[in-house]
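**Student:** just a sequence and a predicted model for now, questions to come.
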Amino acid sequence: NAGVTQTPKFQVLKTGQSMTLQCAQDMNHEYMSWYRQDPGMGLRLIHYSVGAGITDQGEVPNGYNVSRSTTEDFPLRLLSAAPSQTSVYFCASSKMTSGILRRSYNEQFFGPGTRLTVL
Amino acid sequence: QQPVQSPQAVILREGEDAVINCSSSKALYSVHWYRQKHGEAPVFLMILLKGGEQKGHEKISASFNEKKQQSSLYLTASQLSYSGTYFCGTERTGGGSNYKLTFGKGTLLTVNP
């Protein structure tokens, strides 16, 4: 298994440009998520999905769109890049299981990350 | 709301123990712990769920006080490989917070020979 893959590894954009960060997993995981990581801020959830066709906003969704047409793929689109979106982006996936109180996700497997610079 | 981790940084010698704390002001459903080495992706350590269920590695231990919304990660007999930044992530109960993990700012752990 390749696990979680992300492309590209590095990207430089100019302000106003759009692009899509690709994320794919081959573990048949229902849950997928996108985080951004900035120095001293930890990881912040952008968007997540609990299955194909189902997406929802996380903590910092503005300026980003997602879709989940298949279980395997979860692309993140930057609509009009801004310098504030300079960050390291991580995609992650997890199997979902039924817990004592409700359905929950488990260990998240993270991709290697995409380092994005917006000039 | 971001959970608060303490300490922000800790330096140990091999073989010493450490405790990393994570505190939230909101009612929690679960607490997740990850370790990240410089330039790498975060790696899973432990999940603690409301109701007492735990999922994680045998060599890592943690606690979750549901009443106080606090969790602690216990690192015993530290090894050089334990060095890295430790993050706790919290998942709140209800109110549209299901499946949303909010991470703290991290605790930098350095283990020296």
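**Tutor:** Great, that's in hand.
**Student:** show me what contacts A:R77?
**Tutor:** A:S18, A:M19, A:T20, A:L21, A:Y64, A:N65, A:V66 (Cβ atoms under 8 Å, 6 or more residues apart in numbering or on different chains). Every C-beta, even on glycine, is put in place using the N, C-alpha and C of the backbone.
**Student:** please repeat the previous calculation with a cut-off of 10 Å.
**Tutor:** By Cβ atoms under 10 Å, 6 or more residues apart in numbering or on different chains, the contact set of A:R77 is A:S18, A:M19, A:T20, A:L21, A:H47, A:G63, A:Y64, A:N65, A:V66, A:S67.
**Student:** B:E40 too?
**Tutor:** Contacts of B:E40 (Cβ under 10 Å, 6+ apart): A:F110, A:P112, A:G113, B:G84.
**Student:** what is the neighbour count of residue 112?
**Tutor:** In the absence of a named chain, chain A is used. 15 (other Cβ atoms under 10 Å in any protein chain shown).
**Student:** chain B is the one I meant
**Tutor:** For B:N112, the tally of surrounding residues (other Cβ under 10 Å) stands at 11.
**Student:** over to A:G58?
**Tutor:** The burial count for A:G58: 20, using other Cβ under 10 Å.
**Student:** count the residues that sit near the nearest residue to it once chain neighbours are set aside.
**Tutor:** Nearest non-adjacent residue to A:G58, counting by Cβ to Cβ, 6 or more residues apart in numbering or on different chains: A:L45, 3.1 Å away. Neighbourhood size, A:L45 [other Cβ under 10 Å]: 22.
**Student:** quick check: phi and psi at A:L45.
**Tutor:** Note on A:L45: backbone dihedrals following degrees, to the nearest 10 are phi -70, psi 130.
**Student:** so what's A:G40 up against?
**Tutor:** B:Q8, B:K105, B:G106.
**Student:** secondary structure element for the residue nearest to the last one when sequence neighbours are not counted, which one?
**Tutor:** Distance criterion Cβ to Cβ, 6+ apart; nearest residue to B:G106, sequence neighbours excluded, is B:T85 at 4.4 Å. In this assignment (DSSP states H and E), B:T85 forms part of strand B:84-92.
**Student:** partner strands of that strand, with direction?
**Tutor:** Paired strands of strand B:84-92, with direction, are strand B:28-36 (antiparallel), strand B:102-103 (antiparallel), strand B:107-112 (antiparallel) (DSSP bridges).
**Student:** quick one: closest of those to B:C22.
**Tutor:** Smallest distance to B:C22 across those (Cβ to Cβ): 6.3 Å, for strand B:28-36.
**Student:** can you give me every residue that contacts A:P75?
**Tutor:** Taking Cβ under 10 Å, 6+ apart as the test, what A:P75 contacts is A:T20, A:L21, A:Q22, A:C23, A:A24, A:W34, A:N65, A:V66, A:S67, A:R68, A:S69, A:C91.
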